[in-house]
Structures are given as C-alpha cells and as structure tokens.
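Undergrad: Model the following, please.
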Amino acid sequence: MKKIFVLLITSMFVVSAAHAISVTEYIEKNGPITIENGVVDLKNQDLTNLNGLELIVEPEKVTVLDLSNNQLIAVGATQLNMFPNLEQLNLSNNQLTAIPPLSLPNLKKLKLNKNNLTVLSDFNLPKLQKLNASDNPIHTLSNLGLPNLKKLKIIGSNWILKSR
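TA: Model prediction:
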C-alpha cells in the first residue's frame, strides 16, 4: 500500500513539472503571441522563464503585459525593457526572488504581489503611479526612481526605506 502511494505522488509531480514551459515552447505549441488592443496576455501558462519573449513582433505596440499566475523564478531586464510603450506590467503570483533594474518610461502600474521578493531597487519608472508589492518578504526599498508614485502597497512585508 505504501509503495503505490509514493508512486502516485511521484507521478503527479512529474506531470506537474512537465507542464512548465518557456515562452519559446509556448509559441511552438500555440503559434505566435498576439497583441490584441495593445495587450499581451500570458497569464496562467505555467511559464518558468521568459526565453523567447523577444520573438514578439512589434513590441512597441504592447501597452499591457500580463505574466501573472505562472511559475517564473527570474526575469531579465532586457526581456522587460524591450517594451518602450508598456503602461501596465503584471508579474504577480509567481516565484520571483528579484526584479532586475527596470527602465520603462511609460509604465504606470506594476503588480509584483505574491512573489518571494526581498529587495526592490534600481527602478527608473518616471510615470509609475501604482505599485503593488504586497505578500512578499520585502525588507529593503532603495534607489526607486518613482517621482509620480501615488499608491504603494506592501502589506505583509517588513521593509526599510533607504535613500542615497
């Protein structure tokens, strides 16, 4: 009886891990990523990394990028900063431990909630108005270039604000 139970759990883990994919694999399976009214919706796709995001044709047309509810552990600055007209970025409910230096001149709304972030720093987001980083173990905020920030949500974090 115990051997069957262990085998069942192992099988369930393998099946779950087999569904985790990169953006490249998503494109191979589903075809090119479409931009509908400026929106790229890649939420709930079990993405583990953003390799292949650069394959999006006409990134300048993207104003909303939703990467929420995936299994992302890391994201690269080059991958995110390639969208010059991005106004909303949703990276919530992933497994991110860090956010790279972001330089998105038109970003107004950033959702980072429900990740594993400990530090937020080195942002150049001059138009950002709303930042949700709640439900992260954040302990440090530093060098945040957020001159127009109107709403900061970091509930569930123990943070220290550092300025230079």
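
Undergrad: For the rest of this, base every contact and every neighbour count on C-alpha atoms.
TA: Noted.

Undergrad: in the protein, which spans are helices?
TA: Under the criterion DSSP state H, helices of the chain are mapped to 2-18, 23-30, 77-81.

Undergrad: Break down this structure into its strands, ranges please.
TA: Using DSSP state E, the strands of the chain run over residues 21-22, 39-41, 47-49, 64-66, 88-90, 102-103, 109-111, 119-124, 130-132, 140-145, 151-153, 160-162.

Undergrad: quick one: low-confidence ranges for the chain?
TA: In the predicted model, the chain carries pLDDT under 70 at residues 1-18, 156-164.

Undergrad: now do 80
TA: In the predicted model of the chain, residues 1-19, 143, 145, 155-164 satisfy pLDDT under 80.

Undergrad: Please report the distance of the spatially most central residue of it from residue 28.
TA: For the chain, the residue lying nearest the average C-alpha position, counting by C-alpha atoms, centre = their mean, turns out to be residue 91 (2.7 Å). Distance, residue 91 to residue 28, by C-alpha to C-alpha, to the nearest Å: 23 Å.

Undergrad: How about residue 22?
TA: Residue 22 sits 10 Å away from residue 28, going by C-alpha to C-alpha.

Undergrad: what about the two, which has more around it?
TA: When residue 22 is set against residue 28 and neighbours are counted by other C-alpha atoms under 10 Å, the residue ahead is residue 22, at 19 against 10.

Undergrad: Endpoints of stretch 102-113, how far apart?
TA: Taking C-alpha to C-alpha, the first and last residues of stretch 102-113 lie 16 Å apart.

Undergrad: For burial, what's the neighbour tally of residue 151?
TA: Neighbour count for residue 151, taken as other C-alpha under 10 Å: 12.

Undergrad: Would you agree it is in contact with residue 129?
TA: Yes: with contact defined as C-alpha atoms under 8 Å, residue 151 counts as touching residue 129 (6.2 Å).
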